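1. model the structure of this input:
(one chain, ligands or ions: 1)
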Amino acid sequence: MKFVLSDYHLAKKEEFRQFAEEEIDSGESYPRKNLQKAAKKGYMGLPVPKEWGGQGEDFLTYTLFIEELSRVCASTGVIIAVHTSVGTFPLLYYGTLQQKKSYLSGLARGELIGAFALTEERAGSDAASLNTTAKAVSSGYLLNGCKLFITSGGEADLYTVFATVDRNRGHKGICAFLVEKGMQGFVAGKPEKKMGLNRSSTTEIRMEDLHIPVSNRLGEEGEGFSIAMSLLDGGRIGIAAQGLGLARAGIEYTTAYLKKQQSAGNEPAESAAFTLAALATRLEAARLLVYRAAAVKESGGNCSKEASMAKYYSTDLAVEVAARCIDICGLSAARSTNPLTGYFCDAKATQIYEGTNQIQRIVVSRNLLEG
Ligand code: CAA
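-> Model prediction:
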């Protein structure tokens, strides 16, 4: 087993670092230009096979990209992570040939943006209790219901929407559907005002008697829940990589701050230096968890446990890094314009979406106790 990145992966990481630093702006509005630049480089479909318009890269390469991107702009990071892993992979893994032909290349090239619509008012962590209905009608289904906190809501072109054909069947009644933004009965709400990741659009989406042809059902009836769970396994590795990017940004900022203090003759307090050392050590541990989860996913094995471990460790660390670094940098970091406050707010969100970190602990403990 290798504990260092191969020369190939190191070169890709450096390429992504340069791209993120030189091309990605960390402004305030929806980062459309960033997405266009990423699309031009082929980065909207890194782990999608070339025959479907992607770059044919492995999953580790994709996680390296999300890390580098999120270090510079975590909003762009979450948009591309969601677009790729739970927006594009549904087609790659579960799409029929016709569905792939209709959507996959467009998604992989970044001409279409993908989104994932599972969460509801009373079905967040307990995703199987969702209430959006799919009523079978002669030519397909009628979808009715409301999804909340949808990343890229309103901006995305294609949504994988989960709905139940029969609530009495619990998770076995859930189906996945491919819903286009322009379909009649599709309504996107206003962007949520969030504490972090403010450049990404997060909205509710409503389906009001939205007619969907059978050809837009993904997988068989009743397979929707397993499809959602398996996609989230991959998605959580991307969010873990986002945590790495944010944690690294906080540590780098604080290291530079202490060095500047040093050169002005102010040696850092031992407590500050020790805190920095501990955070940097934990960052390396998080990196190993994330890269290992990516390797297990790439091998085709069940990566649920590894993905959840990586997700909660890395994103918990990102929050702690920001909080401790604000302590170290003191007054200057208390300004809302200081990057550390932005990292803190962005990192807090990464603990919550794609399954809260409490849910990740459930996944890990079930794997240990029931596996
Ligand atoms: N892969 C494939 N199938 C899986 C699976 C996986 N990783 N995990 C479970 N399943 C299957 C099981 O095998 C079982 O199938 P069978 O009945 O056929 O055997 C079925 O799913 C039910 O499994 P569980 O009994 O374990 O399901 P549960 O109801 O207890 O739920 C849970 C488990 C882990 C709590 C799950 O509900 C969960 O992950 N909740 C969090 C939801 C979540 O992450 N939401 C994020 C939404 S996306 C987002 O954040 C925003 C965005 O825009 C991306």
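2. need the helices for the stretch 151-300 of the chain, in chain order.
-> Applying DSSP state H, counting those that start in this stretch to the stretch 151-300 of the chain gives helices spanning 224-263, 270-298.
3. just say which of the ones you listed is most tucked in.
-> Of the helices of the stretch 151-300 of the chain, the one with the most neighbours on average (mean count of other Cβ atoms under 10 Å) is helix 224-263, at a mean of 23. From N, CA and C alone the C-beta is placed, and that goes for glycine too.
4. before we move on, the earlier item: can I get the helices of the stretch 151-300 of the chain in a markdown table with mean pLDDT?
-> Formatted as a markdown table, the helices of the stretch 151-300 of the chain follow (pLDDT from 0 to 100):
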| stretch | mean pLDDT |
| --- | --- |
| helix 224-263 | 98 |
| helix 270-298 | 97 |
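5. tell me the SS of residue 316?
-> Put simply, residue 316 is helix when judged by DSSP: H, G, I helix; E, B strand; the rest coil.
6. now do the same for it: its pLDDT.
-> On pLDDT, residue 316 comes in at 98.
7. and it, what does it touch?
-> Counting by Cβ atoms under 8 Å, 6 or more residues apart in numbering, residue 316 touches 243, 351, 357.
8. between the two ends of stretch 211-231, how far is it?
-> Stretch 211-231 has an end-to-end distance of 25 Å (criterion: Cα to Cα, to the nearest Å).
9. wait, stretch 53-62
-> Stretch 53-62 has its terminal residues 15 Å apart, counting by Cα to Cα.
10. ok so, going back, got the contacts of residue 316 as a markdown table, with distance to residue 186 columns?
-> Formatted as a markdown table, the contacts of residue 316 follow (distance: Cβ to Cβ, whole Å):
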| residue | distance to residue 186 |
| --- | --- |
| 243 | 32 |
| 351 | 30 |
| 357 | 32 |
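11. could the residues you listed be laid out in a markdown table, adding distance to the ligand?
-> Listed next are those as a markdown table, based on distance: Cβ to the nearest ligand atom, whole Å:
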| residue | distance to the ligand |
| --- | --- |
| 243 | 14 |
| 351 | 11 |
| 357 | 11 |
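12. let me know the closest of the residues you listed to residue 310.
-> Of all the contacts of residue 316, residue 243 has the smallest distance to residue 310: 8.4 Å, by Cβ to Cβ.
13. burial measure for the residue nearest to that closest one when sequence neighbours are not counted, as a count.
-> Of all residues not flanking residue 243 in the chain, residue 314 sits nearest, at 3.4 Å (Cβ to Cβ, 6 or more residues apart in numbering). Neighbour count for residue 314, taken as other Cβ atoms under 10 Å: 33.
14. wait, residue 314 touches residue 237, no?
-> No: at 9.5 Å, residue 314 and residue 237 do not qualify as touching, with contact defined as Cβ atoms under 8 Å.
15. how many other residues sit next to the closest residue to residue 338 other than its chain neighbours?
-> Nearest residue to residue 338 in three dimensions, chain neighbours excluded: residue 332, at 6.3 Å (Cβ to Cβ, 6+ apart). Applying other Cβ under 10 Å, we find 11 residues neighbouring residue 332.
16. do the helix or strand encompassing residue 311 and the ligand come into contact?
-> Following DSSP states H and E, the helix or strand that holds residue 311 is helix 304-329. Yes: using Cβ under 6 Å from any ligand atom, helix 304-329 reaches the ligand at residue 304.
17. any buried residues in that helix, and which?
-> Under the neighbour-count criterion of 16 or more other Cβ atoms under 10 Å, helix 304-329 has 304-322, 324-326, 328-329 buried.
18. centroid-wise, who is the farthest residue in the protein?
-> No residue in the chain sits farther from the centre than residue 265, which is 42.2 Å out by Cα atoms, centre = their mean.
19. check what pLDDT it gets.
-> 95.
20. show me what the residue in the stretch 51-200 of the chain positioned nearest to the ligand is bridged to.
-> Nearest residue of the stretch 51-200 of the chain to the ligand, counting by Cβ to the nearest ligand atom: residue 151, 3.3 Å away. Beta bridges link residue 151 to residue 202, judged by DSSP bridges.
21. got a list of what residue 235 touches?
-> Going by Cβ under 8 Å, 6+ apart, residue 235 touches 81, 82, 85, 86, 116, 354.
22. helix, strand or coil for the last one?
-> Yep, that's residue 354 we're talking about. Relying on three-state DSSP, one would call residue 354 coil.
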